[in-house]
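> fold the following for me, if possible:
(2 chains)
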Amino acid sequence: MQAEIAVLRFGLGAKPGDLAAAGAEPRAWLMSQIRGPAPLAVNTPLAPSDQIFAGLLAARDERRTMRQESAAQGAEAKVAFNAVREAYQPHYRAQVLARAQSAVLTPRPFAERLVHFWSNHFAVSADKGVVFGLAGTLENEAIRPHVAGRFVDLLTAVEQHPAMIAFLDNQYSVGKDSSAARLAANFRRPDLTPKRQFGINENLAREILELHTLGVNGGYTQTDVTSFAQIITGWSIGGGKGRLAGGTPGRFYFSDALHEPGPKVFLGKTYAEQGQRQGEAVLADLARRPETARFIAAKLVRHFIADDPPRGAVERVAHAFSKSGGDLPEVYAALIGSPEAWEPQARKFKTPQDFVFSTLRALNVSPAQPEEVIRTFDLLGQRQYTPGSPAGWPDTSKSWDGSDALMHRVLWASRVGAKYESGIEPADLAAASLGNYARPETLTALRRATSSSQAVALLLMSPEFQRR
Amino acid sequence: MRRPLPRNTSRRRFLLGAGALAASAAIPEALFAHTGGSSRLVVVILRGALDGLAAVPPYGDPAYAGLHRELAIAAPGGPDGALALNSLFGLHPSLAFLHERFAAGELIVFNAVCSPYRDRSHFDGQNVLENGLTKPIGTADGWLNRALAGLPRGTGRAPDRAVAISQNVPLILRGEAAVISKSPQMTPDVDEDLLARLADLYSKDDWFSARLSEAVLTEQMVDGAADGAMEKTSARAGYPDRAGAVARMAADLMRSGGGPEIAVIEASGWDTHANQGGAKGALATRLAGLDNALKSLADGLGPLWPQTAVLVVTEFGRTAAVNGTRGTDHGTGGCAFLVGGAVRGGQVIADWPGLSPRSLLDNRDLLPTLDLRSVFKGVLDEHMHVDAKTLAKRVFPDSSGARPLQGLIRA
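Numbering: from 1, shown residues only, chains lettered A, B, ... in the order given. Alright, predicted model coming up:
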């Protein structure tokens, strides 16, 4: 079962030949995958975030112009709204397609799963307008390069990525004593109401502490949240207009004019660094805290082993995290070295994403059209890059096991069966995709199926294929 | 060969006909049997923390306009003014249907309420709202699921007494008692032979077996609703009307014969950290969507509306003052609504602490003066007739300080 566990539980499911490749040395097969960056396994050129963002700004300008023109004519602003969506849509589609193709084609499925894991840990959601076309760029630009690096570098790259800044509103967070706020106060005319109050927005600061590092029980207070928000004022996106313009459009930009000056106290320590370095110093300290090590360890163990993460494994992984200073390959090695991870009983019910990617791998089909992928994930209730909240998609069975969800899986499995039945020998498919996990009753059901299409659907919906 | 699907075969015929295989393996008889009480309860969870000071503006509080600034809703009467409730409170101008229900005596408005949760994490806040405890961890089930055990008996163990209108079941409805889920997305019928074979394949796996039987049962209910000449909800209702599609699905299921007595609906998008807007804008649009969804629910329930109570809740409120980005950050005290034909409406229930600097919690949030569990307990007691002992011991343990609120439901 060891090869099956390596490929099905740690990887993204078995392609023909995978089980043999993991073969006698499944741990070595996994270890070999966690060195160096994990770029997309496809050569499709994807636009970088700055270019996509510049496109958005252009579309917004166009919208403004259209609004001004249409105000007189009484036409609808809807047309203009669509202009923004249209600027973003091709990028979102290309990112989703490349992600699915990469999941099928990657020679390093364990690294690819880790990319998905971190992408969900540092979740942004494409249902926020400004994030829509940028969502996949966070994964590709900030996570893939650092997936097997140091946690602090991964963390810093993510928090300074324009998709994260925009998702959690930090580009508009302004220190009350910043030069921009003081300037505005001098120009304020009392007859102009409502006046914009310059001030902070806590959103990014709070979620970095609660969701990205310490965890909600990590020992911080509201005062720490507020202070951290002050510390990262000025972490913004280049571009802008007028007095506040600066930086390269669409790239991370530290705006000194928005930054709250002076030393600040956070978690009992005084940070005297200037400007951007102050926030970076806090991130570096957060990455070193034992609460962060435990929080990350528990999430990894929950993802790879069981919804209720076994304590021993969590402690082992957290220890590796602390001891190595957050060196991620060391952390992954501790996970692989946990005996709990190799218990034969599959305890994780696949998320729709797991189900879809493992199905495509089993069939060895790389999707050709974005619509196909987008429609599939809409049907199964896990629209790509759209968890709807900064907490990301839930990682426990209870969040995915509704009866209606099961019926949607059956529907999709039967469509997949009908589409790919030709040339498939169901027994071979079962052997290549499940190995020793295939149960005798499933094999019997495949033999008795009325068509190979039905057999494929039964295999995909078998309990052993639905778990990992 | 693929077996073509007989066009007019309903799922019910499949179950009874293909019987031996499916029914013996997966469908206990009792699933079809409950009759249940006559009361209907819908719980609407607004995820992301609705700004109670925008939804139920305390326009009469002298500190309100100064704190909520450009997000504040003006006093009733003027353009874009609040819809009046009394001399202190109004409703956001987007909530026209709710206001109409208030006038009709079918809406109770709560303000300065919160669950026992006092920190400011959405996710922990939602956990406490749904698990019915005083802390975010400690149980993996929800209070509404535990309440199912205390409902007056229908006839038999009926998992169809409660439904989540989504693909999966949210925490509030998770637990020992079986419940069903049904998203508003209409799925074309799945090949019946495949379902029967799956029921067989799952016969040794209780977990899959239970879900498949629930799914088939739900499809039946939907078919039943359609048989009743009800309008089938359109499959891919566009995003703006998703809330409406969800509400119509809830109504359709509850009206179908033997349909659920309890439904849970979720709506997200209330986390207005930036550019929240006032009488118009982002939040106003969301509120109008909610108002329309509630109207769709009422229209869809039709003859059931007089015996219905709809509880609208959120995890906590937002900061009293506007933040630096024309929005509001996570707060504490917020609002809630109880609307329906069964509700003794026309009241505002708010022990108002005021918004003066001294009365704010931590110098930033509206101070909650009523525990939401008191509202939940009142509704479960008076409306759903959950027995008192179950309510106090099992549904809301450690809630002796939150006594059930009385007089929420018409006698």
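
> does A:Val410 touch A:Leu460 like I think?
No: using Cβ atoms under 8 Å, A:Val410 is not in contact with A:Leu460; the gap is 9.0 Å. C-betas here are computed from N, CA, C, even on glycine.

> now the residue in chain B that chain A sits nearest to: phi and psi?
Taking Cβ to the nearest Cβ, chain A has its nearest neighbour within chain B at B:Gly324, 2.9 Å off. Here is the backbone geometry of B:Gly324 (degrees, to the nearest 10): phi -80, psi 0.

> thought it was touching A:Ile200?
Yes: using Cβ under 8 Å, B:Gly324 is in contact with A:Ile200, at 5.0 Å.

> now do the shared contacts for the two.
Common contact partners of B:Gly324 and A:Ile200 (Cβ atoms under 8 Å, 6 or more residues apart in numbering or on different chains): A:173-174, A:176.

> so B:Val42: helix, strand or coil?
Classification of B:Val42 using DSSP: H, G, I helix; E, B strand; the rest coil returns strand.

> ok, now B:Val128?
Following three-state DSSP, the label given to B:Val128 is helix.

> do you know how far the closest residue to it other than its chain neighbours is from A:Gly238?
Distances taken as Cβ to Cβ, 6 or more residues apart in numbering or on different chains place B:Tyr117 nearest to B:Val128, at 3.9 Å, with adjacent residues excluded. Taking Cβ to Cβ, to the nearest Å as the measure, B:Tyr117 falls 39 Å from A:Gly238.

> ok, the residue of chain A found nearest chain B - contacts?
Chain B sits closest to A:Gly199 of chain A, with a gap of 2.9 Å, by Cβ to the nearest Cβ. Contact analysis of A:Gly199 by Cβ under 8 Å, 6+ apart lists A:173-174, A:176, A:181, B:323-325.

> neighbours of residue 299, how many?
Just going to use chain A. 21 (other Cβ atoms under 10 Å in any protein chain shown).

> switch to chain B, please.
13.

> can you tell me the closest non-neighbouring residue to it?
Closest to B:Asp299 by Cβ to Cβ, 6+ apart is B:Ala251, at 7.6 Å.

> need phi/psi at that neighbour.
phi -60, psi -40.

> repeat for A:Lys269
Torsion angles, degrees, to the nearest 10, at A:Lys269: phi -110, psi 140.

> show me what contacts it?
A:Asp285.

> separation between it and B:Ala63?
36 Å.

> so, low pLDDT: which residues of the stretch 201-350 of chain A?
Low-confidence segments of the stretch 201-350 of chain A, defined by pLDDT under 70: A:242-244.

> now do residue 162: how many residues are near it, please.
As the question left the chain open, I've gone with chain A. So A:Pro162, with other Cβ under 10 Å, has 28 neighbours.

> actually it's chain B I care about, not the one you picked
Per other Cβ under 10 Å, the neighbour tally for B:Ala162 reads 26.

> for it, which residues are in contact?
B:144-145, B:148, B:173, B:177, B:179-180, B:260-264.

> among these, which ones lie close to chain A?
For chain A, the contacts drawn from these by Cβ under 8 Å from any Cβ of the partner chain are B:Ile180.

> can you say which of the contacts of B:Ala162 are buried?
B:144-145, B:148, B:173, B:177, B:179-180, B:260-264 (16 or more other Cβ atoms under 10 Å in any protein chain shown).

> which residues in the chain form strands?
If you meant another chain, say so; for now it's chain A. In chain A, the strands defined using DSSP state E lie at A:235-237, A:252-254, A:264-266, A:269-271.

> the chain in question should be chain B.
According to DSSP E, the strands that chain B contains are B:40-47, B:83-84, B:90-91, B:107-114, B:162-164, B:180-181, B:262-268, B:308-314, B:334-339, B:347-349, B:370-371.

> residues in contact with the third one?
Residues from elsewhere that reach strand B:90-91, judged by Cβ under 8 Å, 6+ apart: B:55-57, B:59, B:73, B:75-76, B:81-85, B:98-99, B:102, B:109.

> so which elements touch the lengthiest helix in chain B?
Under DSSP state H, the helix in chain B containing the largest number of residues is helix B:206-227. Counting contacts by 3 or more Cβ pairs under 8 Å, 6 or more residues apart in numbering or on different chains; DSSP states H and E, helix B:206-227 packs against helix A:403-420, helix A:463-466, helix B:11-17, helix B:19-26, strand B:180-181, helix B:192-201, helix B:242-255.

> could I get these in JSON lines, plus columns for mean pLDDT?
JSON lines is the format used below for those (pLDDT from 0 to 100):
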{"stretch": "helix A:403-420", "mean pLDDT": "94"}
{"stretch": "helix A:463-466", "mean pLDDT": "98"}
{"stretch": "helix B:11-17", "mean pLDDT": "36"}
{"stretch": "helix B:19-26", "mean pLDDT": "38"}
{"stretch": "strand B:180-181", "mean pLDDT": "92"}
{"stretch": "helix B:192-201", "mean pLDDT": "94"}
{"stretch": "helix B:242-255", "mean pLDDT": "91"}
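
> rewinding a little: show the buried residues in the contacts of A:Gly199.
Counted by 16+ other Cβ under 10 Å, those give A:173-174, A:181, B:323-325 as buried.

> what does the pLDDT read for A:Asn120?
Looking at A:Asn120, its pLDDT is 98.

> the one 4 residues further on too?
The pLDDT attached to A:Val124 in the predicted structure is 97.

> what about the nearest residue to it once chain neighbours are set aside, neighbour count?
Sequence neighbours aside, A:Phe167 is the residue nearest to A:Val124 in space, at 4.1 Å (criterion: Cβ to Cβ, 6+ apart). Neighbour count of A:Phe167, defined by other Cβ under 10 Å: 24.

> so who does residue 359 touch?
No chain specified, so I'll use chain A. A:13, A:413, A:416, A:460.

> sorry, I should have been clearer: chain B.
The neighbours of B:Ser359, taking Cβ under 8 Å, 6+ apart as the test, are B:353, B:367.

> which pLDDT value belongs to it?
97.

> could you dump stretch A:108-121 to PDB, C-alpha only?
Provided in PDB are the C-alpha atoms of stretch A:108-121 (Å, rounded to 0.1, in the frame of the first residue of the first chain):
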ATOM      1  CA  ARG A 108       6.000  16.500  -9.200                       C
ATOM      2  CA  PRO A 109       2.400  16.000  -8.000                       C
ATOM      3  CA  PHE A 110       3.400  16.200  -4.300                       C
ATOM      4  CA  ALA A 111       4.900  19.600  -4.900                       C
ATOM      5  CA  GLU A 112       1.900  20.600  -6.900                       C
ATOM      6  CA  ARG A 113      -0.400  19.600  -4.000                       C
ATOM      7  CA  LEU A 114       1.700  21.700  -1.700                       C
ATOM      8  CA  VAL A 115       1.300  24.600  -4.000                       C
ATOM      9  CA  HIS A 116      -2.500  24.100  -3.800                       C
ATOM     10  CA  PHE A 117      -2.200  23.800  -0.100                       C
ATOM     11  CA  TRP A 118      -0.400  27.100   0.400                       C
ATOM     12  CA  SER A 119      -2.600  28.800  -2.200                       C
ATOM     13  CA  ASN A 120      -5.600  27.800   0.000                       C
ATOM     14  CA  HIS A 121      -3.700  28.800   3.200                       C
END
